[in-house]
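Participant: Please find the sequence and the predicted model below.
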Amino acid sequence: MPDGDELDDDARDYHRSPTPGKVEIATTKPTSSQAELSLAYSPGVAAPCRAIADDPDDAYAYTAKGNLVGVVSNGSAVLGLGDIGAQASKPVMEGKGVLFKRFADIDVFDVELDTPDVDEFVETVAAMEPTFGGVNLEDIKAPECFEIERRLREEMSVPVFHDDQHGTAIISGAALLNATDILGKDVEDLQVAFSGAGAAATATAEFYTHLGIPPANITMCDIDGILTPDRDDLNDRTRRFAAGTEGGDLADAIEGADVLVGLSVGGIVSQEMVQSMAENPIIFAMANPDPEIGYEAAKSARDDTVVMATGRSDYPNQVNNVLGFPFIFRGALDVRATEINEAMKVAAAEALADLARQDVPDAVVKAYGDQPLQFGPEYIIPKPLDPRVLLEVAPAVAGAAMDSGVARNEADLDAYARRLEARLGKDRELMRVVRGKAKADPKRVVLAQGADEKILRAAFQLTTQGIAHPVLVGDAADVERTRTDLGLEFDPEVVDPATADVDRYADRLHELRKRKGLTRREAEELLRGDADYLASVMVETGDADAMLTGLVHHYPNALRPPLQVVGTAPGVDYVAGVYLLTFGNRVVFCADATVNQDPDEDVLAEVTRLTADLARRFDVDPRAALLSYSDFGSVENRGTAKPRRAAELLRSDPNVDFPVDGEMQADTAVVEEMLTDTYEFSDLDEPANVLVFPNLEAGNIGYKLLQRLGGADAIGPMLVGMDKPVHVLQRGDEVRDVVNLAAVAVSDV
């Protein structure tokens, strides 16, 4: 982390270059022709204008209003900077817009109002209601922020949300639910002390009452000490938390408390204060940049369990508002809620709390420096870069809006979840289809290397999500030890090669391989010593429906046992490895990327058929291109002749019912203008989505370049052509890859 001066220099450079600011406006419709411009503006724009004049709700159909939030501030209470004014707050508001777009695909106009006057502020924002689908109030000082939010909520029929108040409340509320669960405490019995009585503290205390904490159990302190009824400086919001007649200072409030919530200033809580708290205390020290008490100081002050959260990213359990507002607005906008009410906020907190209990994807762990992320005292709230937050929080908020009667649109939450997943990438949308098929009829999937951490975590997800019935092959003691260390609460089925009854499997393996030099004794030794052979025979004999292997082996070594035992499907002579790559809304299947080194035309033709069948299992209509560095005979040699003859074989096959052509260059295959304008004779009238490479070298290089430089998301490698579903993982694949391939295998059964 750079020091202060370096960070300031870096930040100024970041905001200044290459273009001033952090946001821009982009068009969502084509505007390259006169006809398109006539539709975008005059005269075509008149038609949607008339429709909206007749029915104002049509603004949601014809404009971007339904996905547009106004981030509005007067710069009177900018975090860490104070009252710096409207103009100086603009970088912060632009930044808020970046977060809305990055995490929830919500567009933002930032609006900086140069007025401290509540009436003028409210009147101005309310007059902009036709522009926005929702309003996020930001960095407005208390107590004016309370009045502004209240009046705007009353006057406007779109959601109005002051994030400085409610964001911290919701995120820390999720942390509180999990902390009490870990410590075995009951929410309704908690004694809570607040350091701070500003907008965030007041809203957080109010929110905690909706989670079940009685108001009488909350003691609130400001700079003058404990709030009491006889003080004449309280407002309607803080008076509710004036605790009886006993006054005192912060130390008095903290003594005996189960929970300390800090929303004040850094360094005002001592270790002695922490020592005076109840057994196994919960401390949320959320002042920024310096918490009320440091993480190490709080943890070392006691010998029992201290569950600690701060507002900092360099310590566990960061209470970060970005976990809330993008996803809360996403759910509210998508059902056109008229407000964001308490039921929606509670639903968001509960969804976040539940997500923290789930296994964390490898990609998230890597994004945070490979630090352990496992539900417990050091992990009670999800990380902002976890893509699942969108899929958990937004549907919860949308459902709560419908249940509480503030949604103007009803939504099928299952279909809504699918639409949200599509926002994260086409690969997720396609895998949701595959997972749905798998969940409809889960099958037994045997996983070799069953004691491996990733395999065991994948087995847990497959079990809890109902995708498959995993069977782990591995040392039973190692499996149990790993399961316990990971805290995975499930009872996996384990086949231990050292103790399992393998006589029947040895007989079958001997029968299959006896004319390949394998004796009966060697067959049993192979099954005891090689999990891949044992898994393969289990599948071949029908004791399992599918198998996955390869995570810790080189691909050829992992492929050999299932090829020898399970074999290829009837009428199939070759297998191939296929990657599904997605680019935005575009999908391509790349074959062969893992198996056949130098295929002839017969192999290329078979690989194309198998890959087309695979595409259909993802509900994609295949259009196949046989790739080369030649376009339709422009270069004539043995290498270019192979894909050309393969295409001819396929076109002459009456059983091939999909368009196919080649040989062609890769850009010809995927760029519509090149394909249709230059080669109008081609059998492909649309760009190809099945790309068959001329050899293994080209296929492997091609898919990796597309994935790494093209920014594609990948699923695979999927093995096609086997008699029963078998997939060989690549070394270094993540848990998500294992789960995806298991789902593909189940859907293939």
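Facilitator: Structure received. Nothing here was measured: the structure is a model prediction, and the numbers come from that model.

Participant: so Ile182, which of the three states?
Facilitator: helix (DSSP: H, G, I helix; E, B strand; the rest coil).

Participant: so what's it closest to, chain neighbours aside?
Facilitator: What sits nearest to Ile182 in space, not counting adjacent residues and going by C-beta to C-beta, 6 or more residues apart in numbering, is Pro377, at 6.0 Å. C-betas here are computed from N, CA, C, even on glycine.

Participant: how close does the one you found sit to Tyr574?
Facilitator: Going from Pro377 to Tyr574 by C-beta to C-beta, to the nearest Å gives 53 Å.

Participant: Who are the contact partners of the residue nearest to Ile182?
Facilitator: Shown in contact with Pro377 (C-beta atoms under 8 Å, 6 or more residues apart in numbering): 179, 182, 305-308.

Participant: Against Ala356, how distant is it?
Facilitator: 12 Å.

Participant: what do you get for Arg513?
Facilitator: 49 Å.

Participant: more crowded one of those two?
Facilitator: For Arg513 and Ala356, the more surrounded residue by other C-beta atoms under 10 Å is Ala356, and the numbers stand at 22 against 17.

Participant: Please read off the pLDDT at the more buried one from the model.
Facilitator: We have a pLDDT of 95 for Ala356.

Participant: I'd guessed it sits against Pro382; true?
Facilitator: Yes: if you go by C-beta atoms under 8 Å, Ala356 and Pro382 touch, sitting 5.2 Å apart.

Participant: Which parts of the stretch 151-300 of the chain are helices?
Facilitator: For the stretch 151-300 of the chain, the helices defined by DSSP state H, counting those that start in this stretch occupy 163-183, 199-210, 236-239, 250-254, 271-275, 295-300.

Participant: need the least confident one among those helices, by mean pLDDT.
Facilitator: Averaging pLDDT over each of the helices of the stretch 151-300 of the chain puts helix 236-239 lowest, since it has a mean of 82.

Participant: what's in contact with it?
Facilitator: 143, 146, 197, 202, 206, 220, 227, 229.

Participant: swap the cut-off to 10 Å and go again
Facilitator: With contact meaning C-beta atoms under 10 Å, 6 or more residues apart in numbering, helix 236-239 is reached by 142-143, 146, 150, 165, 197-199, 201-203, 205-206, 220, 222, 227, 229, 231.

Participant: Now list the buried members of those.
Facilitator: 142, 146, 165, 197-199, 201-203, 205-206, 220, 222, 227 (16 or more other C-beta atoms under 10 Å).

Participant: can you tell me which two in those residues are farthest apart?
Facilitator: For the buried ones among the contacts of helix 236-239, the maximum inter-member distance is 17.5 Å, found between Gln165 and Leu227 (C-beta to C-beta).

Participant: Without its sequence neighbours, what residue ends up closest to the residue most central in space within the chain?
Facilitator: Centroid-nearest residue in the chain: Pro387, 1.6 Å away (criterion: C-alpha atoms, centre = their mean). Once flanking residues are discounted, Pro387 sits nearest to Leu424: 5.3 Å by C-beta to C-beta, 6+ apart.

Participant: Identify the residues contacting the one you found.
Facilitator: 105, 387-388, 390-391, 713 are the contacts of Leu424 under C-beta under 10 Å, 6+ apart.
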